[in-house]
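Undergrad: how would this look folded up:
(chains A and B)
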Amino acid sequence: QQQVKQSPQSLIVQKGGIPIINCAYENTAFDYFPWYQQFPGKGPALLIAIRPDVSEKKEGRFTISFNKSAKQFSLHIMDSQPGDSATYFCAASLTRGGSEKLVFGKGTKLTVNP
Amino acid sequence: NAGVTQTPKFQVLKTGQSMTLQCAQDMNHEYMSWYRQDPGMGLRLIHYSVGAGITDQGEVPNGYNVSRSTTEDFPLRLLSAAPSQTSVYFCASSYGPLYEQYFGPGTRLTVT
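TA: Numbers count the residues shown, from 1 in each chain, chains lettered A, B, ... in the order given. The predicted structure is shown next:
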């Protein structure tokens, strides 16, 4: 059972466009929802994370929107640049309790054309 | 700071061989974890540790052992390698929750 579903698998936009990546989860016990960026040959890097009691969070050109009732969240990249071309992963984290949990979506490969 | 370092970068094993993937961090992080990344599968947590002497299983622990004798090091052991363990392995560390982690550069393992 896939706990975090991510779409689309790949995405191509023109420079300046606003790519949107969507994720959905099932377990309402998750308490943080991070996004990671991964360039080829490198490890992922944490971009931004949101709690379920917050509907939107911005960091620079990256924005997470969160819909708790629909159990969905999404990443928007404003004014996208060719340097944003990477694979993006959403994830869901359980940080409370005696056992931590972190599950990832399958990733979205973003290409931003100049 | 070197951050999170992993050795080796590449490794080829035959089925049934054993080996240890090394991971070290110099940031005095309490949390360390191991992931495997397979095409189209995202990252999956293998084992994690919240401090020296404390480890716990993640999503896909079978076939892997870990121990944490120091804050700095968190080796991952494959006792009897299988082709299904062909993957890219990432180590990560953080001060606090798992998700706030810094990833290492990865080890690409092929089991033939």
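Undergrad: now what about the lowest-mean-pLDDT helix or strand in chain A, what contacts it?
TA: None of the helices or strands of chain A scores lower by mean pLDDT, DSSP states H and E than strand A:101-104, at a mean of 90. Residues outside strand A:101-104 that contact it (Cβ atoms under 8 Å, 6 or more residues apart in numbering or on different chains): A:3-4, A:30, A:36, A:89-94, B:33, B:42-45, B:58-59, B:98-99. Quick note: C-beta positions are derived from backbone N, CA and C, even for glycine.
Undergrad: bridging residues for B:Thr110?
TA: On the basis of DSSP bridges, B:Thr110 is bridged to B:Val12.
Undergrad: A:Ala49 now?
TA: Beta bridges link A:Ala49 to A:Pro34 when assigned by DSSP bridges.
Undergrad: Run a quick neighbour tally on it.
TA: As a burial measure, A:Ala49 scores 18 neighbours (other Cβ atoms under 10 Å in any protein chain shown).
Undergrad: how about it, what does it touch?
TA: By Cβ under 8 Å, 6+ apart, the contact set of A:Ala49 is A:Tyr32, A:Phe33, A:Pro34, A:Trp35, A:Lys57, A:Ile64, A:Ser93, B:Tyr99, B:Glu100.
Undergrad: any residue of stretch B:33-52 up close to chain A?
TA: Yes. Counting by Cβ under 8 Å from any Cβ of the partner chain, chain A is contacted by stretch B:33-52 at B:Ser33, B:Gly40, B:Met41, B:Gly42, B:Leu43, B:Arg44, B:Leu45, B:Tyr48, B:Val50.
Undergrad: Now do the buried residues in that stretch.
TA: Across stretch B:33-52, burial judged by 16 or more other Cβ atoms under 10 Å in any protein chain shown covers B:33-37, B:42-50, B:52.
Undergrad: any idea of the mean pLDDT for the one helix or strand B:Ser49 maps to?
TA: Using DSSP states H and E, B:Ser49 sits in strand B:42-51. Strand B:42-51 carries an average pLDDT of 93.
Undergrad: partner strands of it, parallel or antiparallel?
TA: Using DSSP bridges, strand B:42-51 pairs in its sheet with strand B:31-38 (antiparallel), strand B:54-57 (antiparallel).
Undergrad: For the last one, list every residue counted as buried.
TA: Read it as strand B:54-57. B:Thr55.
Undergrad: all helices of chain B, in order?
TA: In chain B, no helices are defined using DSSP state H.
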